[in-house]
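Undergrad: pasting the structure only:
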RNA sequence: GUGGCCAUAGUGAAAUGGUUAUCACGCAAGUUUGUGGUACUUGCAGUACGGGUUCAAUUCCCGUUGGCCACCCCA
């Protein structure tokens, strides 16, 4: 294999340059109908809810990814990437069988071995699966992990809601301290802030299952006493999932909701202390938060702290939740491990980028070419290719369109890309062993030695510190 | 999953029940054969798909697909 490759490489290197000139003709001349003009054929297109991430958006993605990566590394997190496909039971057990995410939205199917598999709808359960499978409880605790990747939920798509979407995530497994909750919230808050998006943290504690049981009884009793005024859906929720009445947006239910018992009053001392500690840490860090006693998250595994990060933006419709997270002290056990406390968060990347665009957040300066290498004809093209390679070796970013023939087209391209300098090589320069260096701004140009060209340019660009 | 709005070149728009569907941006070639930014010329590219009504549909109707919005839920 390796030998074969080597031979091929050698061949290429040793082969004389092609005799034929390969791009004399414009591309259009090749064939007239390049476009699929087949009538009556429906165009192939994206699956519903899927999106291409086009070159024009890649810089946003890069910026966000790098911000997330840096944040994670700064706080001592290690990256983990789990497969997109898991045994369906990972999520059914982890996230909860009756949750909307699993019940209504998860992509589940049987593979060729008739195994029931699922495209991951979220990552906490899968990361815990990895934690258990690789014996990470033997590592120093807590284990701090981060990830960045695609997730899948079969929903009716909208702006900021796709069937394949991306999340950055943090998971801290193996520590019950409220400091962890605060740290995760802090990191999330910093991420948004540093990317130029003003956000607020909505926070609540839903306690442990015992706390909730007590609370639900009270809540149901309270709502029963107002049975006459509440809406039909609330009546149904009361039977099935009482805490969801707190999400009700029906006008008639609002006054009742406002006076409803609040979960924080039903927390055990332990849960309450934990929550108070989290809030104290947030106060200390100066992170603005809002207590939201109606915040109940849709996944079964949450305990104690739950939070969401929302925009202060009114016009964003219902997709204001940029990110959600919380503590999950029972999940590891649920998936077969020893009792292990944990806490995590998952910011949605599409919603984050959409906010950056909406707010016209300036992106960090990007790497742009410093010089354009233009050539005329095949002979000079060969020299130009050499020059380009030398520039690159010298750490100078160059641009080129070696397939183009006319100098005009090449300078146009250099200009369009706002490249400050251009090297021009033609027949004459090849014979003289020189190259023309053109200042694209002033139009001033000078002829310089071909071999010295990279150094001379570097001096012009102020990159060469050795020469004064 | 429920309901509503929508669908014209790559992008943004315009138009009409009836000859070659308009404009801008874009892209390509050119305006003295080796010099960009402005200008000019020419070219490229479109009525999402399928069916129906009609002498005639891009236009009206239905379905499909996709987008958007609200709900549900969430990222």
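TA: Everything's here; your move. No experiment lies behind these values; they were computed from the predicted model shown. Numbering: from 1, shown residues only, chains lettered A, B, ... in the order given.
Undergrad: helix or strand for the residue of chain A found nearest RNA strand B, which one?
TA: Closest residue of chain A to RNA strand B, CB to the nearest atom of the strand: residue A:298 (0.8 Å). Where you see a C-beta, it was placed from the backbone N, CA and C, and this is true even at glycine. Under DSSP states H and E, no helix or strand contains residue A:298.
Undergrad: what pLDDT does the model give it?
TA: You'll see residue A:298 listed with a pLDDT of 71.
Undergrad: for it, what are phi and psi?
TA: Reported as degrees, to the nearest 10, the phi and psi values for residue A:298 are phi -90, psi 0.
Undergrad: next one: residue A:122
TA: With angles defined as degrees, to the nearest 10, residue A:122 sits at phi -170, psi 180.
Undergrad: wait, what's in contact with the residue nearest to it when sequence neighbours are not counted?
TA: Closest residue to residue A:122 apart from its sequence neighbours, by CB to CB, 6 or more residues apart in numbering: residue A:151 at 6.0 Å. Residues counted as contacts of residue A:151 (CB atoms under 8 Å, 6 or more residues apart in numbering) are A:119, A:120, A:121, A:122, A:123, A:164, A:165, A:166, A:167.
Undergrad: now do the contacts for the fourth one.
TA: Residues near residue A:122 by CB under 8 Å, 6+ apart: A:91, A:95, A:101, A:151, A:167, A:299, A:346.
Undergrad: filter the residues you listed down to the ones in helices?
TA: residue A:91 (DSSP state H).
Undergrad: any chance of the contacts of residue A:122 in TSV with distance to residue A:60 as columns?
TA: Converted to TSV, the contacts of residue A:122 look like this (distance: CB to CB, whole Å):
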residue	distance to residue A:60
A:91	29
A:95	29
A:101	26
A:151	18
A:167	15
A:299	28
A:346	19
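Undergrad: select from the contacts of residue A:122 the one having the most neighbours.
TA: residue A:91 (27 neighbours; other CB atoms under 10 Å).
Undergrad: for chain A, which helix is longest?
TA: Max-length helix for chain A by DSSP H is helix A:55-74.
Undergrad: give me the buried positions along that helix.
TA: Buried residues in helix A:55-74, counting neighbours by 16 or more other CB atoms under 10 Å, are found at A:60, A:63, A:64, A:67, A:68, A:71, A:72.
Undergrad: circling back to that earlier point, hmm, which of the contacts of residue A:151 are the buried ones?
TA: Looks like the contacts of residue A:151 have A:119, A:120, A:121, A:122, A:123, A:164, A:165, A:166, A:167 buried, using 16+ other CB under 10 Å.
Undergrad: near RNA strand B, from the residues you listed?
TA: A:122, A:165, A:167 (CB under 7 Å from any atom of the strand).
Undergrad: and residue A:250, what pLDDT?
TA: For residue A:250, pLDDT reads 70.
Undergrad: dump the residue contacts of it.
TA: A:230, A:231, A:233, A:234.
Undergrad: change it to 7 Å
TA: residue A:231 (CB atoms under 7 Å, 6 or more residues apart in numbering).
Undergrad: and residue A:297, by the same measure?
TA: A:306, A:324, A:326.
Undergrad: low-confidence ranges, the stretch 1-150 of chain A, go.
TA: A:1-42 (pLDDT under 70).
Undergrad: could you pull out the strands for it?
TA: With strands called from DSSP state E, counting those that start in this stretch, the stretch 1-150 of chain A shows them at A:78-79, A:85-87, A:108-110, A:116-119, A:143-152.
Undergrad: right, and these - which one's nearest residue A:428?
TA: With distances scored as CB to CB, the stretch of those nearest to residue A:428 is strand A:143-152 (52.3 Å).
Undergrad: distance from the chain centre to that closest one, please.
TA: Relative to the chain's own centre, strand A:143-152 is displaced by 10 Å; criterion: CA atoms, centre = their mean, to the nearest Å.
Undergrad: buried residues, that strand. List them.
TA: Applying 16+ other CB under 10 Å to strand A:143-152 flags A:143, A:144, A:145, A:146, A:147, A:148, A:151, A:152 as buried.
Undergrad: repeat that for stretch A:351-360.
TA: A:351, A:352, A:353, A:354, A:355, A:356.
Undergrad: contacts for it, please.
TA: Contacts for stretch A:351-360 (CB under 7 Å, 6+ apart): A:60, A:64, A:160, A:195, A:196, A:197, A:311, A:319, A:322.
Undergrad: close to RNA strand B, is it?
TA: Yes: using CB under 7 Å from any atom of the strand, we find that stretch A:351-360 touches RNA strand B at residue A:351.
Undergrad: same check on stretch A:205-213?
TA: No: interface with RNA strand B: stretch A:205-213 contributes nothing (CB under 7 Å from any atom of the strand), its closest point being 11.8 Å away.
Undergrad: check the offset of that stretch from the chain's centre.
TA: The mean C-alpha position of stretch A:205-213 is separated from the chain mean by 32 Å, CA atoms, centre = their mean.
Undergrad: how far does that stretch stretch from one end to the other?
TA: 14 Å (CA to CA, to the nearest Å).
Undergrad: same question for stretch A:162-182.
TA: Start-to-end span of stretch A:162-182 (CA to CA) is 30 Å.
Undergrad: how about the residues of the stretch 301-450 of chain A by RNA strand B?
TA: Close to RNA strand B, as judged by CB under 7 Å from any atom of the strand, the stretch 301-450 of chain A has residues A:308, A:317-324, A:346-348, A:350-351, A:376, A:404-409, A:411-412, A:414-416, A:424, A:426-429, A:436, A:438, A:440-443, A:445.
Undergrad: ok, residue A:235 to residue A:242 distance?
TA: 11 Å (CB to CB, to the nearest Å).
Undergrad: of those two, which one has the most company?
TA: Higher neighbour count among residue A:235 and residue A:242: residue A:242, with 19 against 13, using other CB under 10 Å.
Undergrad: in contact with that one, which residues are there?
TA: A:216, A:219, A:220.
Undergrad: now go through those and say which are in helices.
TA: A:216, A:219, A:220.
Undergrad: restricting to these, which residues neighbour RNA strand B?
TA: Counting by CB under 7 Å from any atom of the strand, no member of these reaches RNA strand B.
Undergrad: just send these back as TSV, with pLDDT too.
TA: Below are the ones in helices among the contacts of residue A:242 laid out as TSV (pLDDT from 0 to 100):
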residue	pLDDT
A:216	87
A:219	86
A:220	86
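Undergrad: having no further points to raise, I will conclude here.
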